[in-house]
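K.L.:
Here's a sequence, model it:
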Amino acid sequence: MFKTFLKKTVIVILNWEARLVIKKYKPKLVGITGSVGKTSTKDAVSAVLATVYRVRKSEKSYNSEFGLPLTVIGCQTAWNSVGGWLKIIYHGLVLILTKEKYPECLVLEIGADKPGDIKSIVKKIKFDIAIVSRLPEVPVHIEFFKSKEQMIDEKMSLPLSIAPNGLVILNADDSNIMSRRDKIKAKVVLYGFSEPAKVRATNNHIMYGDRNGLSVPVGLAFKVDCQGNNVPVRVPNVIGIHLVYPILAAIAVGIELGVNLVKAIEVLALHTTPPGRLHLVLGMNNSTILDDTYNSSPIAVEAALETLKEIETSGRKIAVLGDMMELGGHTAEAHKHIGELSSQIVDILVTVGVRSKFTYEKAQSLGFCQDNLFCFNSAKEAGEYLSTIVSAGDVVLVKGSQSMRMEKVIEMIMAEPENKAKLLVRQEKEWQAR
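P.N.:
Prediction:
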């Protein structure tokens, strides 16, 4: 009881301080929401805007009732340290009572786990710019919402809150977003692959290189059509069509805020995306790992599998898929759909977790070869098995929701486990202790 009271008290104080800090320093506020791609979009936008402004972004995935004020104040979480939270509160007071060199622009990631989360935020904080990534048919974190529509309305409350003199950046390829476009009061700029987009991607493809005599994927390439220009973009070490969207969103914001198109693309080509978002990792025995272990959702798994399908390789295509969490009543159906899709793409399917048994059973019912179909309870068990079969030319996709800790699979099959702290997600000591 006391712990809950203390938490609520800290949240109230931090939010009060954050509002005062914003009122005093008046930074340009950029809010990013959606069901997938928020963190990658936040990082790309920050990289582009940093060419013109002093920028601070949400650390990692600080998008909650704690995360937003922490970003505004400029501190990281104190976890369970009472003394640490007191230091953060003190730092906020110092910002309010003194004059410091504060960021000109804050790029804030905004999530919604339950009804009212975003609506509560936009009542307290008035954003200048809103960016919406994607709102798929089966949204992430829908467990506590009555329907898909309720969740989409919650997400769209951010762009709807932007004043007429503000700016809203929308994904032109998402029908759920576009169906609500007319309700927005602010200027709207579209990005995507479809014709209406002001910032449009074309000619998306995978780049290949040679590694020990094998042709292997090394990155992503596409062209950006904008303002009458057609500019090539090459992004090393990541692949996947859905990773094009954060880059397009960042270019769209940058152009509207005075960043040169060519400069924005140069920055993004050098920009390192966060670990666990379809990163290419060198695997044992000259294999290639598609590390998509940050989190999972139906649309993200579909995108990852489609990427795996596109890859040309002399070896086998292996998918290691962990449970997708917080899907509520969509759980069984969503996992079965992934089983059906996987059976059409992969040579070996490995599932991890109780929910993913639906994936396993669906693939099995469709006649997927039993000798190439495996089901494990934990990431550790799956990793131990994979370490005995991965061979040269194999491409291994690893994906699952955060709590499944699928990065542990990669740790056991990567060629350079000594570099795991740099290459993989959730390597902080707090995570390692769990």
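
K.L.:
Just the local confidence number for the residue nearest to residue 84 when sequence neighbours are not counted, please.
P.N.:
The shortest distance from residue 84 to any non-neighbouring residue, by C-beta to C-beta, 6 or more residues apart in numbering, is to residue 78 (2.7 Å). Any C-beta I mention is one placed from the backbone N, CA and C, and that applies to glycine too. For residue 78, the pLDDT comes out at 85.

K.L.:
Could I get the contacting residues of residue 78?
P.N.:
Taking C-beta atoms under 8 Å, 6 or more residues apart in numbering as the contact definition, residue 78 lies against 84, 85, 87, 88.

K.L.:
Now flag whichever of those residues is closest to residue 416.
P.N.:
Among the contacts of residue 78, residue 84 lies closest to residue 416 (C-beta to C-beta), at 33.4 Å.

K.L.:
how near is that closest one to residue 8?
P.N.:
As judged by C-beta to C-beta, to the nearest Å, residue 84 and residue 8 stand 17 Å apart.

K.L.:
Comparing those two, which residue is more hemmed in?
P.N.:
A count of neighbours by other C-beta atoms under 10 Å puts residue 84 above the other of residue 84 and residue 8, at 14 against 11.

K.L.:
And the next helix or strand past the stretch of helix or strand residue 409 belongs to?
P.N.:
Applying DSSP states H and E as the criterion places residue 409 in helix 407-413. Next helix or strand after helix 407-413 toward the C-terminus (DSSP H and E): helix 420-423.

K.L.:
what packs against that following helix?
P.N.:
Helix 420-423 is packed against helix 407-413, with contacts defined by 3 or more C-beta pairs under 8 Å, 6 or more residues apart in numbering; DSSP states H and E.

K.L.:
how does it look with 10 Å?
P.N.:
The contact analysis (3 or more C-beta pairs under 10 Å, 6 or more residues apart in numbering; DSSP states H and E) places helix 420-423 against strand 279-283, helix 407-413.

K.L.:
Any chance of CSV for those, columns mean neighbour count and distance to residue 389?
P.N.:
Compiled in CSV, the helices and strands packed on helix 420-423 are given as follows (neighbours: other C-beta atoms under 10 Å; distance: least, C-beta to C-beta, whole Å):
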stretch, mean neighbour count, distance to residue 389
strand 279-283, 21, 12
helix 407-413, 24, 9
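
K.L.:
As JSON lines, those with distance to residue 297 would be great.
P.N.:
Output for the helices and strands packed on helix 420-423, formatted as JSON lines (distance: least, C-beta to C-beta, whole Å):
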{"stretch": "strand 279-283", "distance to residue 297": "18"}
{"stretch": "helix 407-413", "distance to residue 297": "17"}
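
K.L.:
right, and the ones you listed - which one's nearest residue 223?
P.N.:
strand 279-283 (21.2 Å).

K.L.:
tell me the average confidence for the closest one?
P.N.:
96.

K.L.:
Are there helices or strands packed against the next helix or strand after that strand, and which ones?
P.N.:
Using DSSP H and E, the next helix or strand after strand 279-283 towards the C-terminus is strand 287-292. Contact here means 3+ C-beta pairs under 10 Å, 6+ apart; on that basis strand 287-292 packs against strand 214-226, strand 279-283, helix 298-310, strand 317-322, strand 395-399, helix 407-413.

K.L.:
Quick check: phi and psi on residue 194?
P.N.:
Main-chain torsions, residue 194, degrees, to the nearest 10: phi -90, psi 160.

K.L.:
Isn't it up against residue 170?
P.N.:
No: with contact defined as C-beta atoms under 10 Å, residue 194 does not count as touching residue 170 (11.6 Å).

K.L.:
which neighbours do those two share?
P.N.:
Jointly contacting residue 194 and residue 170 under the rule C-beta atoms under 10 Å, 6 or more residues apart in numbering are residue 178.

K.L.:
Now find how far off-centre the helix holding residue 409 is within its chain.
P.N.:
Taking the mean of its C-alpha atoms, helix 407-413 sits 20 Å from the chain's own mean (C-alpha atoms, centre = their mean, to the nearest Å).

K.L.:
just checking, what packs against that helix?
P.N.:
Helix 407-413 packs on strand 279-283, strand 287-292, strand 317-322, strand 348-352, helix 379-386, strand 395-399, helix 420-423, going by 3+ C-beta pairs under 10 Å, 6+ apart.

K.L.:
Kindly recompute the last result at 8 Å.
P.N.:
Using 3+ C-beta pairs under 8 Å, 6+ apart, helix 407-413 is in contact with strand 287-292, helix 379-386, strand 395-399, helix 420-423.

K.L.:
possible to save those as TSV with distance to residue 268 and mean neighbour count?
P.N.:
Putting these into TSV (distance: least, C-beta to C-beta, whole Å; neighbours: other C-beta atoms under 10 Å) gives the following:
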stretch	distance to residue 268	mean neighbour count
strand 287-292	20	26
helix 379-386	32	20
strand 395-399	24	28
helix 420-423	20	15
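
K.L.:
Going by mean pLDDT, which of those comes out lowest?
P.N.:
Across the helices and strands packed on helix 407-413, helix 420-423 gives the lowest mean pLDDT, at a mean of 94.

K.L.:
Now the element after that one, going C-ward?
P.N.:
Per DSSP H and E, the first helix or strand lying C-terminal to helix 420-423 is helix 429-432.

K.L.:
which stretch of helix or strand covers residue 252?
P.N.:
Going by DSSP H and E, residue 252 is part of helix 244-256.

K.L.:
For that helix, buried residues please.
P.N.:
For helix 244-256, the neighbour count (16 or more other C-beta atoms under 10 Å) marks 244, 245, 246, 247, 248, 249, 250, 251, 252, 253, 254, 255 as buried.

K.L.:
again, but for stretch 107-116
P.N.:
Buried residues in stretch 107-116, counted by 16+ other C-beta under 10 Å: 107, 108, 109, 110, 111, 112, 113.

K.L.:
Pull the CA coordinates from it and hand them back as CSV.
P.N.:
Output in CSV follows, covering the C-alpha atoms of stretch 107-116 (Å, rounded to 0.1, in the frame of the first residue of the first chain):
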residue,chain,number,x,y,z
VAL,A,107,11.1,14.3,-29.1
LEU,A,108,8.8,12.3,-26.9
GLU,A,109,7.5,8.8,-27.5
ILE,A,110,3.9,8.3,-26.3
GLY,A,111,2.4,4.9,-25.6
ALA,A,112,-1.1,3.8,-24.5
ASP,A,113,-1.6,0.6,-22.4
LYS,A,114,-5.2,1.5,-21.4
PRO,A,115,-8.0,3.9,-22.3
GLY,A,116,-7.2,7.5,-21.3
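
K.L.:
Contacts for it, please.
P.N.:
29-33, 38-39, 42, 45-46, 49, 55-58, 61-64, 67-68, 71-72, 117-118, 121, 127, 141, 144-146, 150-151, 154-155, 158, 326.

K.L.:
at 6 Å instead, please
P.N.:
Stretch 107-116 is contacted by residues 30-33, 38, 42, 45-46, 57-58, 63, 68, 71, 118, 141, 144, 154 when judged by C-beta atoms under 6 Å, 6 or more residues apart in numbering.
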